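> Requesting a structural model of the entry that follows:
(one chain, ligands or ions: 1)
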Amino acid sequence: MGKKNIAVLVSGGGTNLQSLIDAQENDRFGESRITCVIASNPDAYALTRAAKHKIPSMVMARKAYADVHAYSAALRDALLAAHADLVVLAGFMTIIDAQVFDAFPYRIINIHPSLIPSFCGKGFYGLHVHEAALKKGVKVSGATVHFVVPECDAGPIILQKAVEVRDDDTPEILQKRIMAEAEQELMPEAVRLFCEDRITVKDGKTVIKNEE
Ligand code: GAR
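Numbering: from 1, shown residues only. The predicted structure is shown next:
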(Lines give C-alpha, C1' and ligand atoms only; values in the text may rest on other atoms or scores of the structure.)
Protein backbone atom coordinates (compact mmCIF):
# COMPACT_ATOMS: atom_id res chain seq x y z
CA MET A 1 0.00 0.00 0.00
CA GLY A 2 1.76 3.12 -1.23
CA LYS A 3 1.39 6.68 -0.11
CA LYS A 4 -1.21 8.35 -2.32
CA ASN A 5 -2.07 11.99 -2.88
CA ILE A 6 -5.82 12.47 -2.67
CA ALA A 7 -7.40 15.51 -4.35
CA VAL A 8 -10.98 16.30 -3.31
CA LEU A 9 -13.28 18.37 -5.56
CA VAL A 10 -16.18 20.14 -3.83
CA SER A 11 -18.89 22.70 -4.50
CA GLY A 12 -20.99 22.96 -1.35
CA GLY A 13 -21.29 22.05 2.31
CA GLY A 14 -18.54 19.48 2.27
CA THR A 15 -20.03 16.83 4.57
CA ASN A 16 -18.40 14.21 2.38
CA LEU A 17 -15.07 16.03 2.57
CA GLN A 18 -15.50 16.10 6.35
CA SER A 19 -16.00 12.33 6.45
CA LEU A 20 -12.71 11.96 4.56
CA ILE A 21 -10.88 14.35 6.89
CA ASP A 22 -12.22 12.43 9.91
CA ALA A 23 -11.16 9.11 8.41
CA GLN A 24 -7.68 10.44 7.66
CA GLU A 25 -7.34 11.72 11.22
CA ASN A 26 -8.37 8.27 12.46
CA ASP A 27 -5.54 6.73 10.40
CA ARG A 28 -7.84 4.91 8.00
CA PHE A 29 -5.85 5.85 4.88
CA GLY A 30 -2.42 4.64 5.98
CA GLU A 31 0.17 7.08 4.70
CA SER A 32 -2.10 8.51 2.01
CA ARG A 33 -3.17 12.10 2.50
CA ILE A 34 -5.73 14.61 1.26
CA THR A 35 -3.19 16.97 -0.29
CA CYS A 36 -5.51 19.36 -2.07
CA VAL A 37 -9.11 20.53 -2.09
CA ILE A 38 -10.47 22.30 -5.17
CA ALA A 39 -13.79 24.15 -4.99
CA SER A 40 -15.85 25.20 -8.00
CA ASN A 41 -17.65 27.70 -5.78
CA PRO A 42 -15.77 30.35 -3.77
CA ASP A 43 -18.49 30.31 -1.06
CA ALA A 44 -18.39 26.54 -0.50
CA TYR A 45 -18.35 25.79 3.24
CA ALA A 46 -16.10 22.85 2.31
CA LEU A 47 -13.27 25.42 1.97
CA THR A 48 -13.68 26.37 5.64
CA ARG A 49 -13.53 22.70 6.60
CA ALA A 50 -10.27 22.29 4.65
CA ALA A 51 -8.77 25.43 6.24
CA LYS A 52 -9.68 24.23 9.76
CA HIS A 53 -7.63 21.12 9.13
CA LYS A 54 -4.77 22.95 7.37
CA ILE A 55 -5.43 21.23 4.04
CA PRO A 56 -4.33 23.35 1.05
CA SER A 57 -7.25 24.47 -1.07
CA MET A 58 -7.96 26.51 -4.17
CA VAL A 59 -10.99 27.88 -5.97
CA MET A 60 -11.53 27.18 -9.64
CA ALA A 61 -14.82 28.82 -10.54
CA ARG A 62 -16.47 27.66 -13.74
CA LYS A 63 -17.38 31.22 -14.73
CA ALA A 64 -13.72 32.22 -14.79
CA TYR A 65 -13.34 30.04 -17.92
CA ALA A 66 -14.82 30.43 -21.39
CA ASP A 67 -16.46 27.00 -21.60
CA VAL A 68 -16.51 23.44 -20.22
CA HIS A 69 -13.53 22.51 -22.39
CA ALA A 70 -11.33 25.32 -21.05
CA TYR A 71 -12.46 24.64 -17.48
CA SER A 72 -11.74 20.92 -17.79
CA ALA A 73 -8.27 21.54 -19.24
CA ALA A 74 -7.41 23.86 -16.36
CA LEU A 75 -8.75 21.42 -13.79
CA ARG A 76 -6.79 18.54 -15.35
CA ASP A 77 -3.63 20.63 -15.26
CA ALA A 78 -4.19 21.57 -11.61
CA LEU A 79 -4.70 17.91 -10.68
CA LEU A 80 -1.58 16.87 -12.60
CA ALA A 81 0.42 19.67 -10.93
CA ALA A 82 -0.85 18.41 -7.55
CA HIS A 83 0.42 14.90 -8.44
CA ALA A 84 -2.99 13.50 -7.58
CA ASP A 85 -3.16 9.70 -7.44
CA LEU A 86 -6.87 9.71 -6.61
CA VAL A 87 -9.44 12.38 -7.41
CA VAL A 88 -12.61 12.35 -5.30
CA LEU A 89 -15.72 14.20 -6.49
CA ALA A 90 -17.35 14.91 -3.13
CA GLY A 91 -20.47 16.90 -4.00
CA PHE A 92 -18.79 18.44 -7.07
CA MET A 93 -21.62 20.00 -9.08
CA THR A 94 -19.77 21.37 -12.09
CA ILE A 95 -19.75 19.57 -15.42
CA ILE A 96 -16.32 18.49 -16.68
CA ASP A 97 -15.39 16.73 -19.91
CA ALA A 98 -13.32 13.74 -20.97
CA GLN A 99 -10.00 15.61 -20.77
CA VAL A 100 -10.08 15.12 -17.00
CA PHE A 101 -11.25 11.50 -17.13
CA ASP A 102 -8.67 10.57 -19.78
CA ALA A 103 -5.85 11.92 -17.61
CA PHE A 104 -7.00 9.84 -14.59
CA PRO A 105 -8.47 6.56 -15.86
CA TYR A 106 -10.23 4.69 -13.02
CA ARG A 107 -8.62 7.12 -10.60
CA ILE A 108 -11.62 9.45 -10.20
CA ILE A 109 -14.46 8.45 -7.88
CA ASN A 110 -17.80 10.13 -7.36
CA ILE A 111 -20.50 9.82 -4.73
CA HIS A 112 -24.07 9.93 -5.97
CA PRO A 113 -27.06 10.16 -3.61
CA SER A 114 -29.18 7.31 -5.00
CA LEU A 115 -28.89 3.63 -5.81
CA ILE A 116 -27.52 3.80 -9.38
CA PRO A 117 -28.98 3.12 -11.98
CA SER A 118 -32.02 4.80 -10.39
CA PHE A 119 -32.27 8.60 -10.36
CA CYS A 120 -28.94 9.33 -11.99
CA GLY A 121 -27.53 10.88 -15.15
CA LYS A 122 -27.94 14.37 -16.54
CA GLY A 123 -29.95 16.71 -14.31
CA PHE A 124 -29.89 14.39 -11.31
CA TYR A 125 -27.77 16.10 -8.68
CA GLY A 126 -28.22 17.30 -5.13
CA LEU A 127 -31.83 17.73 -4.01
CA HIS A 128 -33.21 16.94 -7.51
CA VAL A 129 -32.27 13.30 -6.94
CA HIS A 130 -34.31 13.08 -3.73
CA GLU A 131 -37.25 14.96 -5.27
CA ALA A 132 -37.36 12.36 -8.07
CA ALA A 133 -37.12 9.45 -5.64
CA LEU A 134 -40.02 10.80 -3.55
CA LYS A 135 -42.08 11.55 -6.68
CA LYS A 136 -41.67 7.93 -7.79
CA GLY A 137 -42.56 6.64 -4.34
CA VAL A 138 -39.60 4.29 -3.91
CA LYS A 139 -39.41 2.63 -0.49
CA VAL A 140 -35.63 2.55 -0.39
CA SER A 141 -33.04 4.89 -1.81
CA GLY A 142 -29.41 5.24 -0.82
CA ALA A 143 -26.00 6.19 -2.13
CA THR A 144 -23.45 4.88 -4.63
CA VAL A 145 -19.71 5.42 -4.97
CA HIS A 146 -18.48 4.71 -8.49
CA PHE A 147 -15.56 5.33 -10.82
CA VAL A 148 -16.10 8.24 -13.15
CA VAL A 149 -16.20 7.66 -16.90
CA PRO A 150 -17.17 10.21 -19.57
CA GLU A 151 -20.83 9.10 -19.50
CA CYS A 152 -22.55 10.71 -16.50
CA ASP A 153 -22.98 8.38 -13.46
CA ALA A 154 -22.28 5.32 -15.67
CA GLY A 155 -18.91 4.12 -14.38
CA PRO A 156 -18.18 0.89 -12.47
CA ILE A 157 -19.90 0.79 -9.08
CA ILE A 158 -17.59 0.46 -6.07
CA LEU A 159 -19.96 0.54 -3.07
CA GLN A 160 -23.68 1.04 -2.46
CA LYS A 161 -25.85 1.28 0.63
CA ALA A 162 -29.64 1.36 0.86
CA VAL A 163 -31.54 3.72 3.17
CA GLU A 164 -35.25 3.55 3.93
CA VAL A 165 -37.63 6.20 2.60
CA ARG A 166 -40.37 7.25 5.04
CA ASP A 167 -43.89 8.42 4.18
CA ASP A 168 -43.41 11.89 5.61
CA ASP A 169 -40.00 12.53 4.02
CA THR A 170 -39.25 15.80 2.28
CA PRO A 171 -36.33 15.97 -0.18
CA GLU A 172 -34.31 17.76 2.50
CA ILE A 173 -35.02 15.16 5.20
CA LEU A 174 -34.27 12.26 2.85
CA GLN A 175 -31.06 13.95 1.71
CA LYS A 176 -29.89 14.33 5.31
CA ARG A 177 -30.72 10.69 6.18
CA ILE A 178 -28.87 9.40 3.10
CA MET A 179 -25.87 11.58 3.90
CA ALA A 180 -25.76 10.42 7.52
CA GLU A 181 -26.57 6.74 7.03
CA ALA A 182 -24.94 5.99 3.68
CA GLU A 183 -22.66 8.67 2.23
CA GLN A 184 -20.60 9.25 5.34
CA GLU A 185 -19.91 5.53 5.59
CA LEU A 186 -19.32 4.74 1.91
CA MET A 187 -17.10 7.67 0.96
CA PRO A 188 -14.22 7.01 3.39
CA GLU A 189 -14.53 3.25 2.90
CA ALA A 190 -14.17 3.59 -0.90
CA VAL A 191 -11.14 5.85 -0.48
CA ARG A 192 -9.60 3.39 1.98
CA LEU A 193 -10.11 0.50 -0.47
CA PHE A 194 -8.52 2.55 -3.27
CA CYS A 195 -5.55 3.56 -1.10
CA GLU A 196 -5.02 -0.09 -0.20
CA ASP A 197 -4.99 -1.01 -3.95
CA ARG A 198 -7.92 -3.35 -3.42
CA ILE A 199 -10.19 -2.21 -6.27
CA THR A 200 -9.78 -3.54 -9.80
CA VAL A 201 -12.06 -3.15 -12.79
CA LYS A 202 -12.94 -6.16 -14.94
CA ASP A 203 -15.53 -6.19 -17.73
CA GLY A 204 -16.93 -2.83 -16.57
CA LYS A 205 -17.42 -4.01 -12.99
CA THR A 206 -15.29 -3.59 -9.91
CA VAL A 207 -13.80 -6.46 -7.97
CA ILE A 208 -12.87 -5.71 -4.35
CA LYS A 209 -10.06 -7.78 -2.88
CA ASN A 210 -10.54 -9.05 0.67
CA GLU A 211 -8.31 -7.70 3.38
CA GLU A 212 -5.10 -9.70 3.71
C1 GAR B 1 -24.22 14.89 -1.49
O2 GAR B 1 -25.50 14.41 -1.16
C3 GAR B 1 -23.71 14.18 -2.73
O4 GAR B 1 -24.06 12.82 -2.78
C5 GAR B 1 -24.39 14.95 -3.82
O6 GAR B 1 -24.35 16.30 -3.38
C7 GAR B 1 -24.28 16.34 -1.95
C8 GAR B 1 -23.06 17.14 -1.53
O9 GAR B 1 -23.00 17.32 -0.15
N10 GAR B 1 -23.74 14.77 -5.08
C11 GAR B 1 -24.37 14.78 -6.25
O12 GAR B 1 -25.55 15.00 -6.38
C13 GAR B 1 -23.48 14.50 -7.45
N14 GAR B 1 -24.25 14.30 -8.64
P15 GAR B 1 -21.66 17.77 0.60
O16 GAR B 1 -21.12 19.01 -0.10
O17 GAR B 1 -22.12 18.10 1.98
O18 GAR B 1 -20.66 16.63 0.59
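> separation between whatever residue of the chain ends up closest to the ligand and residue 140?
Residue nearest to the ligand within the chain (Cβ to the nearest ligand atom): residue 91, separated by 2.6 Å. (Each C-beta comes from the backbone N, C-alpha and C, glycine too.) Look at residue 91 and residue 140: by Cβ to Cβ, to the nearest Å, they are 22 Å apart.
> So which of these two has more stuff around it?
Per other Cβ atoms under 10 Å, whichever of residue 91 and residue 140 has more neighbours is residue 91, with 25 against 11.
> In contact with the more buried one, which residues?
Contacts for residue 91 (Cβ atoms under 8 Å, 6 or more residues apart in numbering) come out as 10-17, 46, 111, 126.
> and the two most separated of the residues you listed?
17 and 126 (15.3 Å; Cβ to Cβ).
> With neighbour numbers in mind, choose between the two.
Between residue 17 and residue 126, counted using other Cβ under 10 Å, residue 17 has the larger neighbour count: 29 against 14.
> Residues in contact with whichever strand or helix holds the more buried one: which ones?
Assigning secondary structure by DSSP states H and E places residue 17 in helix 15-25. The contact list for helix 15-25 (Cβ under 8 Å, 6+ apart) reads 6, 8, 10, 29, 32-34, 37, 46, 49-50, 53, 55, 88, 90-91, 111, 179, 183-184, 187-188, 191-192.
> Go through those residues and flag which are in strands.
In strands, defined here by DSSP state E, the members of the contacts of helix 15-25 are 6, 8, 10, 33-34, 37, 88, 111.
> now the residues you listed: which count as buried?
Neighbour counting by 16 or more other Cβ atoms under 10 Å classes 6, 8, 10, 34, 37, 88, 111 among those as buried.
> restrict those residues to those near the ligand?
Contacts with the ligand within those, as defined by Cβ under 6 Å from any ligand atom: 10, 111.
> tell me the contacts of residue 80?
Listed by Cβ under 8 Å, 6+ apart, the contact partners of residue 80 are residue 103.
> before we move on, what about residue 187?
16, 19-20, 88, 90, 111, 145.
> would you list those in a markdown table and tack on pLDDT?
What follows is the contacts of residue 187, written out as a markdown table (pLDDT from 0 to 100):
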| residue | pLDDT |
| --- | --- |
| 16 | 98 |
| 19 | 98 |
| 20 | 98 |
| 88 | 98 |
| 90 | 98 |
| 111 | 98 |
| 145 | 98 |
